[in-house]
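1. Sequence plus the predicted model coming up.
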Amino acid sequence: MSFFPSAAATPGGVSIELDQVTKTYPGQPASAVDSFSLRVEPGELVMFVGPSGCGKTTTMKMINRIIEPTSGSIRIDGQDVLGLPPDQLRRHIGYVIQQIGLFPHMTIADNVATVPRLLGWSRKRTSERVEELLHTVRLDPAQFAHRYPRQLSGGQQQRAGVARALAADPPVMLMDEPFGATDPITREGLQAEFLRLQSSIGKTIIFVTHDFDEAVRLGDRIAVLGERSRIEQFDTPAAILTAPANDYVASFIGSGAALKRLALLPLTGARLSEAAWPLGQQPRLDPAGTMRDALDLLVVTGAAAVDVVDGSGRRLGALTHGDISAALVGVPATGGAAS
Amino acid sequence: MAYSVPAGLGGLTTFVAGRSDDLLEMLVSHLLVVLVSVVLATVLGVGVGLLVWDRRIARSVAVTTAAIILTVPSLALLAILSPFLGLGWGPTVVALVLYSLLPIVRNTVVGLREVPDAVLESARGMGMAPRTVLLRIQLPLAWPVILTGIRVATQLAIGIAAIGAYVAGPGLGQFIFRGLSSLGSVNALNYVLSGTVGVILIALLADALFVLITRVTTPGGLRA
């Protein structure tokens, strides 16, 4: 039994389509969101990125009807969400907000169990799911299940918030700057964990952020939004970095577009050159890194090349400045390194 | 009059010892009338609070009405109620309920409104119906604030209950009024004093009880 028909057939996500979605607040001449149309493929992680007040959050919140659209249609897995009962709908869409909003009077386990209980799951199934999820987000149940939110650090609370949103295994997740309130080190950790998690669960995710670097790091595709949630460009991170559609997008990328692209290029699959020197003469790099790590090492050491050496000590090849520049040119304009 | 004070205090212990049965009965009925009134006011006040907290006009009307009631002098209110409700428990309980409403309604409204937006939004976002959000999220979170209102109402009611004796209501007010009406007699001061000390004792007892109730009923995550 599943709320969205194909969620049962495909364990990952389902599609989300927004069609001419508009939000106008009474008494305001301009609409907050103006005929927004976009299709998100099943299992895709799409980033909405734009400045504060551009309407990106409003757009996202219309999908689970926290904000009701004025006109247009929104379909999840082909079903018009505006025709579904809002409370029922929301139980099948994961929702994470920046302030987390854990219930302070409930334990972490009870917080995570919220949606399963609303859905009437048995006690046994709920508690098993809670335990499984706390493991998934790396909060040891023995240690955290019976704690209250205020007894957790900001990063731990955010992970509990993600676990709560995932509780009933919704095919769709909406995330509103979920890591925005955490310090940079915690944020990087959370982002890395989030990517690891997403690679295993494959939800369809809409993730709102004002941080372009976060969008590049996490997104399969990025929608760069301008005033009134206008889509300035909707493409893969590599494609946007390579060819920004206009000055607005270029200004949003900021400086260092080439460096940001290098960070998207993994060394595995990179075109390496033959090394004509004995191993040990040049600095070495693990193939788990990116082209940006290679350049970083070249700059820091002043060496002419780095050796890419795997865990068993086998040299896979070498990278020179020329190889790295060539890699930038070689990236196809769309669908490059996103996967 | 200077000689009557030491004489009165000296005789107080004998006075109390001689009337311990009366006093105990009055203490109990005083507590009982306050308990009944505050329970009724809590049901009514929290109910009103739950209905009006998110409606601007209804909210103002409820809180302002309760505030106006509180400005009516207790003797006057009892005098107004008595023709309709007779003497004794009736007018006393109604007056106490009316006076207790303000702190309870106001604290319920404030407590429900103080719940952070993020908590409300995540509750809605997970598919809780508005009534579920109110009863399962807002009410428990507002509970410490509501309880403070009930505590204030109780203190208020304990004091005002003494005036209930004016319409032959139960409680220690009977002794205070007997003392007032027999001013100049030997036991006048003893009547007033024993009644007053009794009221103070009840107030202290009630407050201690609330410390306990607060500790037991505050949800774990909210305890300081």
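-> Yep, it's here. Residues are numbered from 1 along each chain as shown, chains lettered A, B, ... in the order given.
2. So A:Leu152 is in contact with A:Ile108, correct?
-> Yes - A:Leu152 is within contact range of A:Ile108, at 7.2 Å (criterion: C-beta atoms under 8 Å). Backbone N, C-alpha and C define where each C-beta goes, glycine included.
3. shared neighbours, those two?
-> Listed as contacting both A:Leu152 and A:Ile108 by C-beta atoms under 8 Å, 6 or more residues apart in numbering or on different chains are A:Phe144, A:Ala160.
4. which residues touch A:Pro51?
-> A:Pro51 makes contact with A:His210, according to C-beta under 8 Å, 6+ apart.
5. do A:Val21 as well
-> A:Val33, A:Ser35, A:Phe36, A:Ser37, A:Thr59, A:Met62, A:Pro69, A:Ser71, A:Gly72, A:Ser73, A:Ile74.
6. how about a cut-off of 7 Å?
-> By C-beta atoms under 7 Å, 6 or more residues apart in numbering or on different chains, the contact set of A:Val21 is A:Val33, A:Phe36, A:Met62, A:Pro69, A:Gly72, A:Ile74.
7. Which elements pack onto the one helix or strand A:Phe252 maps to?
-> For A:Phe252, the host element (DSSP states H and E) is helix A:247-253. Judged by 3 or more C-beta pairs under 7 Å, 6 or more residues apart in numbering or on different chains; DSSP states H and E, the packing partners of helix A:247-253 are strand A:231-235.
8. So which elements touch the helix ranked longest in chain B?
-> The residue-count maximum for a helix in chain B (DSSP state H) belongs to helix B:20-52. Counting contacts by 3+ C-beta pairs under 7 Å, 6+ apart, helix B:20-52 is packed against helix B:56-71, helix B:89-114, helix B:139-161, helix B:188-217.
9. Deepest in the core, which of these is it.
-> Of all the helices and strands packed on helix B:20-52, helix B:89-114 has the most neighbours on average by mean count of other C-beta atoms under 10 Å in any protein chain shown, namely a mean of 23.
10. list the contacts for A:Leu197?
-> A:Leu197 is in contact with A:Thr136, counting by C-beta under 7 Å, 6+ apart.
11. residue contacts, residue 103?
-> All of this refers to chain A. If a contact means C-beta under 7 Å, 6+ apart, then A:Phe103 has A:Asn111, B:Val119, B:Ile137 as its contacts.
12. Hmm, no, I was thinking of chain B.
-> Contacts of B:Pro103 (C-beta under 7 Å, 6+ apart): B:Gly149, B:Val152, B:Ala153.
13. The first one and B:Ile104 touch, don't they?
-> The one in question is B:Gly149. Yes - at 4.6 Å, B:Gly149 and B:Ile104 qualify as touching, with contact defined as C-beta atoms under 7 Å.
14. pretty sure A:Ser73 contacts A:Gly83?
-> No - look at A:Ser73 against A:Gly83 with C-beta under 7 Å: they stay out of range, at 9.2 Å.
15. Give me the more crowded residue out of the two.
-> A:Ser73 (15 against 9; other C-beta atoms under 10 Å in any protein chain shown).
16. Which strands or helices does whichever helix or strand the more buried one is part of pack on?
-> Assigned by DSSP H and E, A:Ser73 belongs to strand A:71-76. Where contact means 3+ C-beta pairs under 7 Å, 6+ apart, strand A:71-76 is packed against strand A:16-23.
17. count of neighbours near residue 177?
-> I went with chain A, as the question did not name one. 18.
18. my question was about chain B
-> The burial count for B:Phe177: 20, using other C-beta under 10 Å.
19. ok, A:Thr204 - how many residues close by?
-> A:Thr204: 26 neighbours (other C-beta under 10 Å).
20. wait, isn't it in contact with A:Pro171?
-> Yes - with contact defined as C-beta under 7 Å, A:Thr204 counts as touching A:Pro171 (6.2 Å).
21. Can you list the neighbours in contact with stretch A:65-78?
-> With C-beta under 7 Å, 6+ apart, stretch A:65-78 has contacts from A:4-7, A:14-24, A:35, A:58, A:61-63, A:80-82, A:86, A:89, A:172, B:121, B:124-125.
22. what sits against the residue nearest in space to the middle of chain B?
-> Centroid-nearest residue in chain B, with C-alpha atoms, centre = their mean: B:Thr154, separated by 2.6 Å. Residues near B:Thr154 by C-beta under 7 Å, 6+ apart: B:Val34, B:Val38, B:Ala206.
23. mind redoing it with 6 Å?
-> By C-beta atoms under 6 Å, 6 or more residues apart in numbering or on different chains, the contact list for B:Thr154 reads B:Val38, B:Ala206.
24. so A:Gly322 sits in a helix?
-> Yes - counting by DSSP: H, G, I helix; E, B strand; the rest coil, A:Gly322 falls inside a helix.
25. burial measure for it, as a count.
-> The number of residues packed near A:Gly322 is 11, by other C-beta under 10 Å.
26. Show the residue spans covered by the strands in the stretch 201-339 of chain A.
-> For the stretch 201-339 of chain A, the strands defined by DSSP state E, counting those that start in this stretch cover A:204-209, A:221-225, A:231-235, A:284-285, A:305-309, A:315-320.
27. Among those strands, single out whichever gets nearest to chain B.
-> With C-beta to the nearest C-beta, the closest approach to chain B among the strands of the stretch 201-339 of chain A belongs to strand A:204-209: 13.3 Å.
28. My read is that A:Lys203 contacts A:Leu174, right?
-> No - contact criterion C-beta atoms under 6 Å: A:Lys203 and A:Leu174 do not qualify, at 10.3 Å.
29. Brilliant, that's me finished.
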